[in-house]
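J.: sequence first, predicted model second:
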Amino acid sequence: MTNFPPLAVAALASSAAAALSFLIILPPAAAATTPPVFVSAFASCAQSSSLSSSSSVPYSAAAASHLLRSTSSRSRCTSSKTTHTTAMAAQGKKYNPLSMFGDMASSLIPGGGGGGQADEQLDKTISSTVPSSWDDIRAKLESKQTDEERNFRANVIGGYGTASPLNVVRLFDETNTKDDIRVVFYRDSASWCPYCHKVWMCLEEKRIPYRVEKINMRCYGEKPASFARMQPSGAIPVAKIDGVVYNQSNDIIFSLEQIFADEKKSLSPKSEEEKTRAQRLLRLERQLFSAWMSWLTAGYGRDGFIQVLNEVESELKSSKGGDFFMGKDVSLVDFMFAPFLERMAASLIYFKGYQFRVADGASTDFPAINKWFDAMETLESYQLTKSDYYTHCWDLPPQLGGCSYESDGERYEKAINGERTLDGSRGSWELPLEKDCGGIEPDWKWCGDEGAALREATERLSFNHANIIKFAARGAGRKGMPPYSAPLSDPNATPNEAVLASVDTALRLVSLAMLDGTESYEKDIIAFANTLVKEGGADFAQDTVNSLAYLRDRVGVPRDMRLPAARQLRAHINWAIGKILDA
């Protein structure tokens, strides 16, 4: 996909016609073209592994004395508060083992990794430091899980129960069977695209059975020929409803409303008064989008964005009977706003230091917008599809040709990336984790307590451990060809087989620590780290660290797991990395 210049993106996105098409009740063929689809920066590198993508600059404070501190990810200039850069440009740094920036270790470190051969005796020695097998870990996990958690995989396959991004079919409950599926939903494999996001929410909210086909974005892999024939532009989302192809997000939503009008929940405004209000709100949504693009990518327009955001606040305050845009019930208007308000909240605090989504109890100039977020977060359809700030802030720059940094955002950037807490005292991806990431990003309360998050992370890691370990070993491996434009996309990379056993052992310890607490495995992790360095040598230990960091930085939300689980996994991998670097 072409990387549009920032102003071109804003101009292309400014039209309200597409957003209004389903309200004016035009047939899909007459609807205007939607704004350009963002290409996910996530690299779905291993088709067999669900854990796979993103990028970051985090490092462990516990291991700080062992690291070469890299320069700031912001290219500073003394003459201006605003600096223009991209995620790729930010990679021009000294190597930091806990700050991978999405590249293969072998391309950054002299003599690093690259498809090495395993040493059988060394592998046995290292593996023996942790006697618990993956089967043992699964048994321990199952003894702690709730009934719903134990049924997770069966529900993923069957399409029943609480939804997951891992679903291939979605039937909702036993009143539906696969014969009831009339919709095939083609969406991005990274579970991030904002245009897929709004269609996905509508399908879930209306409870329409559907089948999922996951399609690579151009920046991290090839699209299947069958999809290219159906959608020559390659853009997603696409939906096939009763055999008819709809290839624009708003056309899909319009068609779902019309085709299933008599049998599924309606999300459209009903009265003329509601339609008039909805049309006004959707024009406002496009204005907000354009103002955001100008500030985020071109580096100017702060006052203009805040002015439009205040208009959104006023509209929500005037909403009658509830906290949604149209009142007490969620509507298509909310689903049009949601993907971009979510990305605005993440990107503006990260790149600009501007916060309008706050944690409970914090003061804000936008109470109605925060109540709207709270209301959205009660919906299973939104809970399923919501991403985290880290994922958003590394997905956006490659899609927009770069984002402009401002100095006010630097400390928030570091906190979101795991590098430092806001007070600078330690790593923000370091145990124990701060509530609400220190006030930056509200915790996801609907996911349960900390124990539930730890079990979720352990389940995802242990279920697919063999593929995940091979994927992680790319961090000490060789880059693949051809290259792709997304910073972390390397679907043809070669893992370093020499580190498979050491990565496996480290991840078994991480899983056990998530189930029983790090204090229960302090001696084990130290013994493992000492053995790694003594028997394998410093370079081998470094390759193991590179692999663990590579995996940690590619935990995607919501694709791999929800935010609380992702935070725990990232932090526990840092716990293991810190111990290796301390050895």
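T.: Received it, and whenever you're ready, just let me know what you need.

J.: show me where this protein has strands.
T.: When assigned using DSSP state E, the strands of the chain occupy the ranges 82-85, 169-170, 183-188, 210-215, 238-241, 244-246, 403-406.

J.: using CSV, list the CA coordinates for the last one.
T.: What follows is strand 403-406, C-alpha atoms only, in CSV (Å, rounded to 0.1, in the frame of the first residue of the first chain):
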residue,chain,number,x,y,z
CYS,A,403,4.3,10.6,13.3
SER,A,404,5.7,13.9,14.7
TYR,A,405,7.2,13.7,18.2
GLU,A,406,6.9,16.5,20.8
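
J.: name the nearest residue to Arg508, ignoring sequence neighbours.
T.: With sequence-adjacent residues excluded and distances taken as CB to CB, 6 or more residues apart in numbering, Arg508 is closest to Val130, at 5.0 Å. Every C-beta, even on glycine, is put in place using the N, C-alpha and C of the backbone.

J.: how much space between the closest residue to Thr531 other than its chain neighbours and Ile181?
T.: Once flanking residues are discounted, Thr531 sits nearest to Thr129: 5.4 Å by CB to CB, 6+ apart. The gap separating Thr129 from Ile181 is 48 Å, by CB to CB, to the nearest Å.

J.: quick check: the residue nearest to Thr531 touching Ile525?
T.: No. The pair Thr129 and Ile525 fails to qualify as a contact (CB atoms under 8 Å) at a distance of 9.0 Å.

J.: how far does stretch 235-249 stretch from one end to the other?
T.: End-to-end distance of stretch 235-249: 10 Å, with CA to CA, to the nearest Å as the criterion.

J.: and it, which residues are buried?
T.: For stretch 235-249, a neighbour-count test (16 or more other CB atoms under 10 Å) marks 235-241, 246-249 as buried.

J.: now for the residue nearest to Thr125 when sequence neighbours are not counted, how many residues are close by?
T.: With CB to CB, 6+ apart as the measure, Glu535 is the residue that lies nearest to Thr125, at 5.4 Å, once sequence neighbours are left out. If you count neighbours by other CB atoms under 10 Å, Glu535 ends up with 16.

J.: test for you: state the pLDDT assigned to Glu535.
T.: For Glu535, the pLDDT comes out at 96.

J.: touching, it and Leu122? I think so.
T.: Yes. At 5.8 Å, Glu535 and Leu122 qualify as touching, with contact defined as CB under 8 Å.

J.: quick one: neighbours of Ala228, just the number.
T.: Each residue near Ala228 was counted by other CB under 10 Å, and the total is 13.

J.: how near is the nearest residue to it once chain neighbours are set aside to Asn216?
T.: Ranked by CB to CB, 6+ apart and with sequence neighbours excluded, the top spatial neighbour of Ala228 is Gly234, at 6.4 Å. Distance of Gly234 to Asn216, computed by CB to CB: 10 Å.

J.: got a list of what the spatially closest residue to Ile526 that is not a sequence neighbour touches?
T.: Beyond its immediate neighbours in the sequence, the residue positioned closest to Ile526 (CB to CB, 6+ apart) is Lys579, lying 6.1 Å away. Lys579 sits next to 525-526, 528-529 when contact means CB atoms under 8 Å, 6 or more residues apart in numbering.

J.: Arg277 now?
T.: Under the criterion of CB under 8 Å, 6+ apart, the neighbours of Arg277 are 269, 326.

J.: how does it look with 10 Å?
T.: The contact partners of Arg277, taken as CB atoms under 10 Å, 6 or more residues apart in numbering, are 269, 271, 315, 318-320, 325-327, 333.

J.: what score does it have for pLDDT?
T.: pLDDT, the model's per-residue confidence, is 97 for Arg277.

J.: one more: Cys77?
T.: pLDDT, Cys77: 30.

J.: coming back round to it: between Glu535 and Leu122, what contacts are shared?
T.: Shared contacts of Glu535 and Leu122 (CB under 10 Å, 6+ apart): Ser502.

J.: the helices in the stretch 401-550 of the chain, which residues?
T.: In order along the chain, the stretch 401-550 of the chain carries the following helices (DSSP state H, counting those that start in this stretch): 410-416, 436-439, 450-463, 465-472, 500-516, 522-531, 538-552.

J.: would you list those in CSV and tack on mean pLDDT and distance to Gly304?
T.: Supplementary listing: the helices of the stretch 401-550 of the chain in CSV, determined by pLDDT from 0 to 100; distance: least, CB to CB, whole Å:
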stretch, mean pLDDT, distance to Gly304
helix 410-416, 97, 22
helix 436-439, 97, 27
helix 450-463, 98, 39
helix 465-472, 96, 43
helix 500-516, 98, 45
helix 522-531, 97, 51
helix 538-552, 96, 38
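
J.: got the contact list for the residue lying closest to Asp329 once chain neighbours are set aside?
T.: Closest residue to Asp329 in three dimensions, ignoring its sequence neighbours and counting by CB to CB, 6+ apart: Gly322, at 6.9 Å. Under the criterion of CB under 10 Å, 6+ apart, the contact list for Gly322 reads 316, 328-330, 371-372, 375.

J.: of those, keep whichever come out buried.
T.: In the contacts of Gly322, the ones that pass as buried (16+ other CB under 10 Å) are 316, 330, 371-372, 375.

J.: returning to that earlier point: ok, now how distant is the residue nearest to Ala228 from Met481?
T.: Using CB to CB, we find Gly234 at a distance of 21 Å from Met481.

J.: okay, those two: which has more neighbours?
T.: Just comparing Gly234 and Met481: by other CB under 10 Å the higher neighbour count belongs to Gly234, 16 against 8.

J.: for that one, give me phi and psi.
T.: Backbone torsions for Gly234, taken as degrees, to the nearest 10, come to phi 80, psi 0.

J.: what separation is there between it and Asn250?
T.: Using CB to CB, we find Gly234 at a distance of 18 Å from Asn250.
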